[in-house]
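Q: Take this sequence and fold it.
(one chain, ligands or ions: 1)
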Amino acid sequence: MTKVFINGEFIDQSEAKVSYEDRGYVFGDGIYEYIRAYDGKLFTVTEHFERFLRSAAEIQLDLGYTVEELIDVVRELLKVNQIKNGGIYIQATRGVAPRNHSFPTPDVKPVIMAFAKSYDRPFEDLENGINAATVEDIRWLRCDIKSLNLLGNVLAKEYAVKYNTSEAIQHRGDIVTEGASSNVYAIKDGAIYTHPVNNYILNGITRKVIKWISEDEDIPFKEETFTVEFLKNADEVIVSSTSAEVTPVVKIDGEQVGEGTVGPVTRKLQEGFNKYIETRSN
Ligand code: PDD
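A: Reported below is the predicted structural model:
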């Protein structure tokens with residue numbers, strides 16, 4: 001029986017319920033993380049929970065959990081569900097209170113929920129690459145917070161799907177920001193370009209790993225903004241996320257990227273990523 005974590009307890013999926021007055025449900029007033037397990041171990045889990053607590057602090061939400069305590073929760077969740085390879089979703093909302101935009105007074109306890117699902121690595125996409133579509137970035141100006149408010153991301157992803165592609169690459173005006181659920185990179189003349197870490201993008205953990213690999217491999221990693229045109233003229237393009245890892249993009253808006261095949265820098269990053277799975281999972 002699948003078990004879900006809600007407020008300190010592991011509950012059967014069929015009985016896992018939250019209130020209709022939960023502020024996550026009513027206002028999207030909460031934050032989340034998505035973490036990968038490889039072979040029963042958690043990948044870069046400390047980085048994920050440090051970001052989780054940062055997101056919480058940015059919305060003035062005190063979770064009452066340390067990084068170590070959160071790690072214990074998700075370890076237990078994997079164990080009770082006997083999951084070796086898969087993903088863990090964890091979210092925290094400001095809690096249950098009568099509907100009123102301002103924070104509840106007195107304070108209510110946050111509602112923390114987590115579930116885990118088995119799935120394999122995306123081998124086919126990693127090998128052959130994916131197609132993407134560009135779309136205007138209509139999201140709010142705090143994309144650095146991993147907030148439950150994902151309507152802009154949802155609409156962008158749906159646009160991508162409608163055009164028979166797997167990811168939407170968002171841009172504010174001419175400037176490429178990030179994917180609907182990934183960070184975006186253009187590789188040109190052997191250097192990697194990606195949007196700097198600020199309020200316009202999520203500071204991806206996989207992005208961090210890619211930065212480590214580029215340092216190991218002496219590949220220039222340029223945190224600079226670039227245009228949609230630059231992206232389309234790149235030699236190679238990739239998107240990265242906890243679930244997509246280092247996924248090549250071989251077509252954008254129906255046009256081939258470079259030779260339309262997976263390039264050498266991408267392959268090097270993928271090899272480096274496999275090594276980090278070995279060394280950064282525990
Ligand atoms: N999303 N940017 C956005 C908007 C994202 O939603 C994600 C990940 C990323 C990449 O972050 P990371 O490398 O830390 O996974 C960037 C997750 C996977 C999700 O929403 O399920």
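Q: which stretches of the stretch 151-282 of the chain form strands?
A: Along the stretch 151-282 of the chain, the segments classed as strands by DSSP state E, counting those that start in this stretch run 167-172, 175-179, 183-188, 191-194, 221-223, 236-241, 245-252, 255-256.
Q: distance of the residue lying closest to residue 186 once chain neighbours are set aside from residue 50?
A: In space, and not counting its chain neighbours, residue 186 is closest to residue 234: 3.8 Å by C-beta to C-beta, 6 or more residues apart in numbering. For glycine as for every other residue, the C-beta is placed from the backbone atoms N, C-alpha and C. Remark: distance between residue 234 and residue 50 (C-beta to C-beta, to the nearest Å) = 31 Å.
Q: What of residue 239?
A: 23 Å.
Q: Report the contact partners of the closest residue to residue 157 other than its chain neighbours.
A: Nearest residue to residue 157 in three dimensions, chain neighbours excluded: residue 180, at 4.0 Å (C-beta to C-beta, 6+ apart). Neighbouring residues of residue 180 by C-beta atoms under 8 Å, 6 or more residues apart in numbering: 153-154, 156-157, 160, 167-168, 170.
Q: Among the residues you listed, the buried ones, what's the ChimeraX command?
A: Buried residues within these, by 16 or more other C-beta atoms under 10 Å, are selected in ChimeraX with:
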select :153,156,157,160,167,168,170
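Q: Could you restrict the contacts of residue 180 to the ones contacting the ligand?
A: With C-beta under 6 Å from any ligand atom as the criterion, those include residue 153 near the ligand.
Q: Closest one of the contacts of residue 180 to the ligand?
A: Here the nearest of the contacts of residue 180 to the ligand, counting by C-beta to the nearest ligand atom, is residue 153; it sits at 5.7 Å.
Q: Show the contacting residues for the closest one.
A: 139, 180-181.
Q: For residue 94, state which of these is nearest.
A: Closest approach to residue 94 among those (C-beta to C-beta): residue 139, at 20.5 Å.
Q: Tell me how many other residues surround the residue nearest to residue 186.
A: Using other C-beta atoms under 10 Å, the number of residues around residue 234 comes to 22.
Q: Tell me who's in contact with it.
A: Here residue 234 is in contact with 186-188, 193, 257-258 (criterion: C-beta under 8 Å, 6+ apart).
Q: If we use 10 Å, what do you get?
A: For residue 234, the contact set (C-beta atoms under 10 Å, 6 or more residues apart in numbering) comprises 185-189, 192-193, 226, 249, 252, 257-258, 263.
Q: per-residue confidence for it?
A: For residue 234, the pLDDT comes out at 98.
Q: ok, now how distant is it from residue 125?
A: Counting by C-beta to C-beta, the gap from residue 234 to residue 125 is 18 Å.
Q: ok, back up a step: of residue 239 and residue 50, who's got more company?
A: Each of residue 239 and residue 50 has its neighbours counted (other C-beta under 10 Å); residue 239 has more, 28 against 14.
Q: Run through the residues of the stretch 151-282 of the chain sitting next to the ligand.
A: Contact residues (C-beta under 6 Å from any ligand atom) of the stretch 151-282 of the chain with the ligand: 153, 178, 181-183, 202, 204-207, 240-243.
Q: Which one of these is nearest to residue 69?
A: Of all these, residue 205 has the smallest distance to residue 69: 19.3 Å, by C-beta to C-beta.
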